[in-house]
Structures are given as structure tokens and as C-alpha cells.
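Q: got a sequence here, can you model it:
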Amino acid sequence: MPNHLYYGDNLEILREHIKDESVDLIYLDPPFNSQATYNVLFHAPSGQQSEAQIEAFEDTWHWHDATERAFDEVMNSGNTDAAEMLRAMRAFLKENDMMAYLAMMAVRLLELHRALKETGTLYLHCDPTASHYLKILLDAVFGKQCFRNEISWKRSSAHSDTKQGMKRCGRIRDVILFYTKSRDYTWNSLYTRYSDDYAQAEYRHVAADNRFYKETDLTAAKPGGDTSYEWRVKRPAHSNSRWQPDLTDEYLKPKPDWEYKGVQPYEGRFWAYSKTNLVAFAKSGHLIHRETGMPRLMQFADEMPGVSLQDNWDDIQIASGGESLGYPTQKPLALLERIISASSNEGDLVLDSFCGCGTTIHAAEKLRRQWVGIDITHLAISLIEKRLKDAFPGIAFTVHGTPKDLEGARALADQDKYQFQWWAVSLVNAVPYGGKKKGADSGIDGFIYFKPDAKTTEKAIVSVKGGGNVNVAMVRDLAHVVEREKAKIGVFITLADPTAPMNTEAIKAGFYESPHHGKFPKIQILTIEELFAGKRPKIPFIDPSAFKAAPKEDMTKQTKLL
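A: Next comes the predicted model:
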């Protein structure tokens, strides 16, 4: 099975699992914003997002031992251009957050370059905070000759910076840096729609069948201007010049000394098309004649492909409405569909090493590409799993790095208790709570929102314990938290088996009685082993709005992009 999701450090996964020259297209959107923490937000039915804030990357981009090791690895990578460029950046920036980000990115870009096929492409999405530094790094890693475009994506129509007293223009665009492994790379020409003003100005004539068209001259100032189908294939593969006709075929060669229905070009002008093509245009209904008899080419608006894709993308809006899953840095599906359609073909392998909420993976699956996604949080992996299963019922893929048994769960708990908590919370479809990442433990690891009736939303508190020792005091603490938070149910998830006093304390807490669904234990204890076996909390109808479902994709037809 070709499609894989990996939990873990993308540097380690790239080195251990991604083969040399195996990837056709890489898209990455590495999080960095020097003014704010990178947050993953969930929508609570009450609208209070702060209860479900996870500071997933709060410590990633600071200068520490791991950053120094990354810098040293680039220095010893063998890529002298990358090493010297990173060394110069450090001399200029010193050991600050930006330099930490660049060092961590540089060592990963070297691995991504290794993984790309010779015909492969990389798109790096960033904002102007770091785009200029990243572009220099990419020049060093890929070679400046492999730079293709700096694409500007207009992510919004306005920003309120100036209203907040900022003395600068509103920031409404992101940067997408487009590089290739070599000069021989995959490229599928895409087109965007004509603007309304352009279409109305150019295609202002109306044919008998009510189709809009514009008239085009059939003559040229110099002979040999034909762009006909007969000899487009004559263009040498290595040539960047315009097409040249097959001069050995006198019948197809455009010339000034023949008439078409008694008409010759004006003095100093030549036919731009061959006689064969003028006849073909007439037969297909694409010629119109002026009073002088001079033919003109009718170009119908509905036959034109549109405007060739440019480097200013202002026609794709941010993810909103039914597409938005509540992830603040979520990119619109149309943006990734455009990138994947332009730089890969069906069956090609697409890699996203910072896959977040999985938009790249979603688009790749929709466009029938193979894919690999990597993320450093179990939170993101669980979100992507749900998104894919909602959008593509019956989809098959392999998830690596998430616990599959008790041994794996214990290993994760020992390695990182917060990742273990987020993973355990995802098993019961709870909204994770990250407010205690720093400071005192609030006793809350997640919320399950449910609706006892059509108008009311209530919540259950989820508390996760990954240690080997659990005791009755922990159950009492959860009961107190439930009362404090005005919740109705408490769910205690434990890696170790509960003691008899714990079960007794849970029973003593009594029941929550739902108006329409009956009675439910107020404190419920579930072990990880029971969750692996399929057991779940006993809770009334869970409010689906906490985890917004991705719309189901119609895979019976291939998406066609303009």
C-alpha cells in the first residue's frame, strides 16, 4: 500500500524511510511566526476556543542543543554552498529564533533534495517574515539555476494592521518558493479564467448561435507566423524559440503570393497561416469576412483555455465555510490542487513533511497521487486520519509511529507525556485541552461535548494518566474538576489498571441523568487496553461540531482545474 502517515521528527523519518530520488513533488509549509506561537485550535460548541489550545511548536524554534547539532550537520554535509551560506547567516543573525529556524530548515532541505527525483519539484510555503532567508538557503541547496518562481498567494483582501496603529501596509500575501531538482522537470500547463472586464472587452461579438467571440487578424508582418496543428510537433525539444514551419512542404508554408477566395494580404503583409488551415478554419465555422472579402479568425470565448498561470495567485480564497476544519494555518484545498496538478501526474508520489491538518494529503488523494505525510504531533496525525476517512470512505493507508498495543502506548508515555495525552484523548474523540502545557496541572486533558437535547450542549471532562501508579485520590480530583467546571461526566483514562478503591470511588460519584437518554455513570474509568479493544465512554449524543467533518469527495470524476 503506497500511502503513509508518519508521526515523529521529519528529519529522522526522511532519513530512515524515504529513499533517494523517490519523490516527485514536495510541498512544505513549515510553521514560523516570530510574533506568535504556532497553535492548533479546535472549535468548542460554546465558541470559546481558548479551552482547546495546543501550543504544539512552542519550543521548536529556539537555539538549543538540537539546533547546534543541526547547524553542525549542515557544516559537514558536503554541500559547501549550503554550509557557507548558513555560516554567513549565523554571523549576521546570531543565535536567535530566526537562526534556529533556518538551521533546522537547512538540514531538512538537504534531505528533501536527496529524496527528490531528477524530474521532481519542491514548493516551500512561507510568509515574508522568513521568505528572503529561505530563498537564499534554497539557492544554496538546489542551485540558483533551479529557481523557477516566487509565487505570491493573496490569502485575504484586507488586513487590519493599519487600523491597529501599525505604520505599514496591510499584510495580505504569503510567499511560495518554487524550485526544481533539475532543468528537466514535470510541468503541466494550467490556466486561470479571464477577468470579467477582459472577457467583456475582448469577446464582445456575438455569433449566430449566441456564442461570444473576438476577431483576430490572419496576416502577419513577416512570413512564417503559422501556429497550426500540422507542424507544432516540428519544434525541437531543446529549442526555446517560436515554432518554425516545415519549409520542405511548400503547400503548408505560409506565403504572400496566393489568394484565398480572391483576396490577398494587404501590401507589406503576409498570410500568417497556411492555405490548408484557412480552409480548415472555414469548415469549422471559425472564419468571418469583412466587406472587402478579407477573412478574419473567430476565436470563441468558450474554446479559449484562459490565461496561462502566472506567479500572482489572487483567485484562491482562504479555507472557509464547509472546507474549514478550524485549523488556523489550514491552506485551501484549491491551492494544493493547483500545485499538485501543475507539478505531478497521476500515480506520482507527493510528500508533505509538515502536514499539519492534511490539506496536501487530501488534495493528493483526490487527484489520484500516492502520498506520504509527516507530522511531529499525534494531534495532527489523528486529525488527518479523521479527515481522510470522512472525505474518502473506505480509504486505506498506513499510520506509523502511533501506538498499536500496550507496549507502544507505554513507550510513548515514557517518551513524551503530552504526546501520550493527546493521543489518548483522540481515542475517545475528545477535544484536547492544552492550557496546562506550562504551569500547574488543571486536571483537564480534553473535553467531550454532547447534546442531551436539541438546544443544550454539555461537556464531559477527560483526564489521562500515563504513569504506572494510579490511586483513588486521582479519581476524587477528577470528580472535583467536574464540579468546578460545571461538567456532567468525567472520563478517567489510565495506562495502568485501576485499583479496587478507584472503581469504588467512581461508583460512589453516582449518575448523570439525561432528559432523553437515561442515566450515565458520572465518573467513568477506562484503561488503554479497553480502548484498544473498542470500549468507549458512555455518553449521550456527541456534538459533531467539535470536530468538523471534511466533506465527502466524489471520486467518480477527475477534478479539472482552470
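Q: average pLDDT for stretch 30-42?
A: Average pLDDT, stretch 30-42: 50.
Q: ok, residues contacting the one helix or strand Leu25 maps to?
A: Of the helices and strands defined by DSSP states H and E, Leu25 is found in strand 23-28. With contacts defined as Cβ atoms under 8 Å, 6 or more residues apart in numbering, strand 23-28 is touched by 112, 115-117, 119-125, 186, 336, 339-340, 343-345, 348-354, 360, 369, 372. Yep, even glycine has a C-beta here, placed from its N, CA and C like the rest.
Q: switch to 7 Å and redo it
A: The set of residues external to strand 23-28 that reach it, using Cβ atoms under 7 Å, 6 or more residues apart in numbering, is 112, 115-117, 120-125, 186, 336, 339-340, 343-344, 348-354, 360.
Q: quick one: which of these sit in strands?
A: Counting by DSSP state E, the members of the contacts of strand 23-28 that fall within strands are 116-117, 120-125, 349-352.
Q: Gly408: neighbour count?
A: 15 (other Cβ atoms under 10 Å).
Q: an error on my part: the question was meant for Gln200.
A: Burial of Gln200, expressed as a neighbour count using other Cβ under 10 Å, amounts to 11.
Q: what's the helix or strand that it is a member of packed up against?
A: Under the criterion of DSSP H and E, Gln200 resides in helix 196-202. Helices and strands touching helix 196-202, as assessed by 3 or more Cβ pairs under 7 Å, 6 or more residues apart in numbering; DSSP states H and E, are absent.
Q: and the next helix or strand past it?
A: Toward the C-terminus from helix 196-202 - assigned by DSSP H and E - lies strand 205-206.
Q: going by contacts, tell me the helices and strands next to that following strand.
A: With contacts defined as 3+ Cβ pairs under 7 Å, 6+ apart, strand 205-206 has these neighbours: strand 212-216.
Q: for the record, mean pLDDT for the very next helix or strand once past the strand it packs on?
A: Beyond strand 212-216 on the C-terminal side, the first helix or strand identified by DSSP H and E is strand 219-220. Across strand 219-220, the average pLDDT comes to 87.
Q: for stretch 88-97, same thing?
A: The predicted model gives stretch 88-97 an average pLDDT of 94.
Q: do stretch 307-325 as well
A: Averaging pLDDT along stretch 307-325 yields 81.
Q: and stretch 6-20, by the same measure?
A: Stretch 6-20 shows a mean pLDDT of 95 in the predicted model.
Q: ok, and the most crowded of the ones in strands among the contacts of strand 23-28?
A: Using other Cβ under 10 Å as the contact criterion, the top neighbour count among the ones in strands among the contacts of strand 23-28 goes to Leu351, which has 29 neighbours.
Q: right, and it touches Arg369 too?
A: No. Leu351 lies out of contact with Arg369 (Cβ atoms under 7 Å); the separation is 10.3 Å.
Q: could you pull out the helices for the stretch 251-400 of the chain?
A: Chain-ordered helices for the stretch 251-400 of the chain, with DSSP state H, counting those that start in this stretch as the definition, fall at 275-283, 333-343, 359-366, 378-391.
Q: show me where pLDDT drops low in the chain?
A: In the prediction, the chain carries residues with pLDDT under 70 at positions 1, 32-61, 158-165, 223-257, 320-328, 434-441, 543-549, 556-562.
Q: domain map for it?
A: 4-191+309-402, 194-305, 407-544 (automatic domain parsing).
Q: Pro551: which of those is closest?
A: For the domains of the chain, distance to Pro551 was read as Cβ to Cβ. The smallest value, 5.5 Å, belongs to domain 4-191+309-402.
Q: one step back: let me know which of the helices of the stretch 251-400 of the chain is tucked in deepest.
A: Stretch with highest mean neighbour count among the helices of the stretch 251-400 of the chain: helix 359-366 (a mean of 26; mean count of other Cβ atoms under 10 Å).
Q: which strands and helices sit next to that one?
A: With 3+ Cβ pairs under 7 Å, 6+ apart as the test, helix 359-366 has helix 333-343, strand 349-352, strand 370-375, helix 378-391 packed against it.
Q: try it again at 6 Å.
A: For helix 359-366, the packing partners by 3 or more Cβ pairs under 6 Å, 6 or more residues apart in numbering; DSSP states H and E come out as helix 333-343, strand 370-375.
Q: I'd assumed Asn503 was in a helix, is it?
A: Yes. With DSSP: H, G, I helix; E, B strand; the rest coil as the criterion, Asn503 is assigned to a helix.
Q: now it: how far from Leu11?
A: 44 Å (Cβ to Cβ, to the nearest Å).
Q: and if you look at Ala380?
A: When distances are taken as Cβ to Cβ, Ala380 and Leu11 turn out to be 16 Å apart.
Q: next one: Phe492
A: Taking Cβ to Cβ as the measure, Phe492 falls 36 Å from Leu11.
Q: and those two? Which one has more around it.
A: Phe492 (25 against 19).
Q: assign that one to helix, strand or coil.
A: Under the three-state scheme (three-state DSSP), Phe492 adopts strand.
Q: count of neighbours near the residue nearest to it when sequence neighbours are not counted?
A: Using Cβ to Cβ, 6 or more residues apart in numbering and skipping residues adjacent in sequence, the residue nearest Phe492 is Ile525, 4.7 Å away. Neighbour count of Ile525, defined by other Cβ under 10 Å: 23.
Q: need the contact list for Ile525.
A: With contacts defined as Cβ atoms under 6 Å, 6 or more residues apart in numbering, the neighbours of Ile525 are 492, 498, 506.
Q: can you rerun that using 8 Å?
A: Taking Cβ under 8 Å, 6+ apart, we find Ile525 in contact with 475, 492, 494, 498, 502-503, 506.
Q: re earlier: Serialize the helices and strands packed on helix 359-366 to JSON lines and add fields for distance to Glu529.
A: Formatted as JSON lines, those follow (distance: least, Cβ to Cβ, whole Å):
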{"stretch": "helix 333-343", "distance to Glu529": "38"}
{"stretch": "strand 370-375", "distance to Glu529": "26"}
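Q: skipping adjacent residues, who's closest to Glu485 in space?
A: Ile461 (6.0 Å).
Q: thinking the one you found is in contact with Lys488, fair?
A: No. Taking Cβ atoms under 8 Å as the contact criterion, Ile461 and Lys488 are not neighbours in contact, 9.1 Å apart.
Q: okay if I get the helices of the stretch 251-400 of the chain as JSON lines plus distance to Thr402?
A: Rendered in JSON lines, the data for the helices of the stretch 251-400 of the chain read as follows (distance: least, Cβ to Cβ, whole Å):
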{"stretch": "helix 275-283", "distance to Thr402": "61"}
{"stretch": "helix 333-343", "distance to Thr402": "24"}
{"stretch": "helix 359-366", "distance to Thr402": "16"}
{"stretch": "helix 378-391", "distance to Thr402": "6"}
